[in-house]
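1. I'd like to go over a predicted model; first the sequence, then the structure.
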2 protein chains.
Amino acid sequence: MPKRVDHDERRRRIAEALWRIASTRGLEGASLRDVAAEAGISLGQLQHYFRSRGDMLVFALDHINELAARRIRARIEASAAVPSPRVILRESVAEMLPLDAESRSGNLVQVAYFLHAVHDERLRGHAKEGVPVLRALFADQIRRAMADGQIAPDRDPDTEATLLICLVDGLTSYTLLDVHSPAEAMALADAHLDRLFTP
Amino acid sequence: MPKRVDHDERRRRIAEALWRIASTRGLEGASLRDVAAEAGISLGQLQHYFRSRGDMLVFALDHINELAARRIRARIEASAAVPSPRVILRESVAEMLPLDAESRSGNLVQVAYFLHAVHDERLRGHAKEGVPVLRALFADQIRRAMADGQIAPDRDPDTEATLLICLVDGLTSYTLLDVHSPAEAMALADAHLDRLFTP
DNA sequence: GTTATTGCAATACAACTGACCTGTAAAAAT
DNA sequence: ATTTTTACAGGTCAGTTGTATTGCAATAAC
């Protein structure tokens, strides 16, 4: 055999090529041939690493979810030595919203997957799994802020966490549609946080 | 010529067949042949009424938007003789959320269009146009409630209207994904309204 | 050096796509 | 009665899709 190859590394490269296409033409517009061309490899080689198109889609979704989680963590750690709950929430939201071109294309990929997941049971599991984790993270921060007197004690942390996630999702949708600008989206998120953080 | 036919009525029938397919298999899964079969007509007949697939998609989107707006109006008028702002907002939200099977499939069609619209300039215009109308309607009700002392006077009506729309959008997405149930979605929306309506 | 295995290229294939074209029956217009 | 227009049925076409198959070069194991 020729050089022994890192399979996962190749798969990640292919997944990234897939995102580039999915963010401009949608997931359905990303045929095996297109992805192979975008990745600079042959169709045969792509098929060597993914037995089917479905396998490729699932791998790429898992990969993008992992990268997103990593970026949120990195951003929080970079923001302050001991970040306050409000900073953590705000930075997380900022990272999730499509505020720059890169994040925008990432969100487009997520949306493409979302639509697919609604109709595809296999993808749905992968698409859903991140939500409870994120809700728990948000709810924890809200609890911390409540203990600190920054949020009224009659709020329910889980409810507030879910509302915030849903709001970000909606803000993302309308930002992608150019109904409002990235800056307006962030301002709206801040307005929501302002009212969450009232003792 | 044979019986003179109501073209728009035929087109509406075809559009409804398209929704039935789009809500289960997605927009891309709705080929001209599939739509024709679902509508119980031949491919030739379908092509007689729509010169291209794109035309069909645009018509069906406009039609579904119009029906949705009509249903919201009907629901509000049915709720009370002189509906309060809060009732109007709540009923509108309830109509937008995928609370029953019919509404769910309608929302699935909307989502399918949304993803398409992000990449298709022609569709984007049609998909966006409903938002400012809805925001104006919501903002009006919020202003009425503020004048009545039901909402704190320091709130910005347009901001609150936009936040509510975005929240509903996010609630819809996660309800479609079965992250939470329709009942939970409505409870979350009520929680948000509770905090909006505090003097 | 032989053999077995891996990495990949190339081709083939059946299914399906949207668009286009032609044919024809029916009825309205003249 | 003739002409014209409408409403459709059916077929064709070039192009694209995911998948399967075959062939072959490179190298590790023996």
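-> Here it is on my side, so go on. Residues are numbered from 1 along each chain as shown, chains lettered A, B, ... in the order given.
2. Now A:Leu46: closest residue in space, sequence neighbours ignored.
-> Nearest residue to A:Leu46, sequence neighbours excluded (Cβ to Cβ, 6 or more residues apart in numbering or on different chains): A:Ala36, at 4.3 Å. Bear in mind the C-beta positions are built from the backbone N, C-alpha and C, glycine included.
3. so the one you found is in which element?
-> helix A:32-39 (DSSP states H and E).
4. and the helix or strand following that helix, anywhere near DNA strand D?
-> Proceeding N to C from helix A:32-39, the next assigned helix or strand is helix A:43-49, under DSSP H and E. Yes. Interface with DNA strand D: helix A:43-49 contributes A:Leu43, A:Gly44, A:Gln47 (Cβ under 7 Å from any atom of the strand).
5. And chain B, is the very next helix or strand once past helix A:43-49 touching that?
-> Scanning forward in sequence from helix A:43-49 by DSSP H and E, the next helix or strand is helix A:53-79. No. Helix A:53-79 stays clear of chain B (Cβ under 8 Å from any Cβ of the partner chain), getting no nearer than 13.3 Å.
6. Who are the packing partners of helix A:53-79?
-> helix A:7-25, helix A:32-39, helix A:85-96, helix A:101-119, helix A:121-128, helix A:130-147 (3 or more Cβ pairs under 8 Å, 6 or more residues apart in numbering or on different chains; DSSP states H and E).
7. rerun at 10 Å
-> Here helix A:53-79 touches helix A:7-25, helix A:32-39, helix A:43-49, helix A:85-96, helix A:101-119, helix A:121-128, helix A:130-147, going by 3 or more Cβ pairs under 10 Å, 6 or more residues apart in numbering or on different chains; DSSP states H and E.
8. possible to save those helices as TSV with mean pLDDT?
-> Conversion of these to TSV gives the following (pLDDT from 0 to 100):
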stretch	mean pLDDT
helix A:7-25	93
helix A:32-39	96
helix A:43-49	96
helix A:85-96	94
helix A:101-119	87
helix A:121-128	83
helix A:130-147	94
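9. For the residue in chain A that DNA strand C sits nearest to, give me its contacts.
-> For chain A, the residue closest to DNA strand C is A:Gly44, as judged by Cβ to the nearest atom of the strand, at 2.5 Å. By Cβ atoms under 10 Å, 6 or more residues apart in numbering or on different chains, the residues touching A:Gly44 are A:Ala36.
10. distance of the most centrally placed residue in chain A from chain B?
-> Central residue of chain A (Cα atoms, centre = their mean): A:Ala68, 5.1 Å from the mean position. When Cβ to the nearest Cβ, to the nearest Å is the yardstick, A:Ala68 and chain B sit 16 Å from each other.
11. quick one: that residue and A:Tyr113 touch, right?
-> No. Judged on Cβ atoms under 10 Å, A:Ala68 makes no contact with A:Tyr113 at a distance of 11.8 Å.
12. what sits against A:Ser31?
-> By Cβ under 10 Å, 6+ apart, the neighbours of A:Ser31 are A:Ile21, A:Arg25, A:Ala37, A:Leu43, A:Arg53.
13. what about the first one, distance to B:Asp148?
-> Summarising the geometry, the distance separating A:Ile21 from B:Asp148, computed by Cβ to Cβ, to the nearest Å, is 52 Å.
14. cool, the second one as well?
-> Using Cβ to Cβ, one obtains 49 Å as the distance from A:Arg25 to B:Asp148.
15. List the residues that contact the nearest residue to A:Ala68 once chain neighbours are set aside.
-> Spatial nearest neighbour of A:Ala68, chain neighbours left out: A:Gly106 (6.9 Å); criterion: Cβ to Cβ, 6+ apart. Listed by Cβ under 10 Å, 6+ apart, the contact set of A:Gly106 reads A:Trp19, A:Ala22, A:Ser23, A:Ile64, A:Leu67, A:Ala68, A:Arg71, A:Met96, A:Pro98, A:Asp100.
16. is it true that the first one touches A:Glu38?
-> Yes. In this structure A:Trp19 lies within contact range of A:Glu38 using Cβ under 10 Å: 9.5 Å.
17. Comparing those two, which shows the higher neighbour count?
-> Per other Cβ atoms under 10 Å in any protein chain shown, whichever of A:Trp19 and A:Glu38 has more neighbours is A:Trp19, with 24 against 16.
18. dump the residue contacts of the more buried one.
-> Taking Cβ under 10 Å, 6+ apart, one finds A:27, A:30, A:35, A:38, A:60-61, A:63-64, A:67, A:105-106, A:108-110, A:112 in contact with A:Trp19.
19. Buried ones only from those, please, as a PyMOL command.
-> Buried members of those, defined by 16 or more other Cβ atoms under 10 Å in any protein chain shown, are picked up in PyMOL with:
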select buried, chain A and resi 27+30+35+38+60+61+63+64+105+106+108+109+110+112
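20. tell me, which of the contacts of A:Trp19 make contact with DNA strand C?
-> Applying Cβ under 7 Å from any atom of the strand to the contacts of A:Trp19, none is adjacent to DNA strand C.
21. which among the contacts of A:Trp19 gets closest to A:Leu176?
-> Using Cβ to Cβ, A:Leu108 is the member of the contacts of A:Trp19 that lies nearest A:Leu176, at 6.5 Å.
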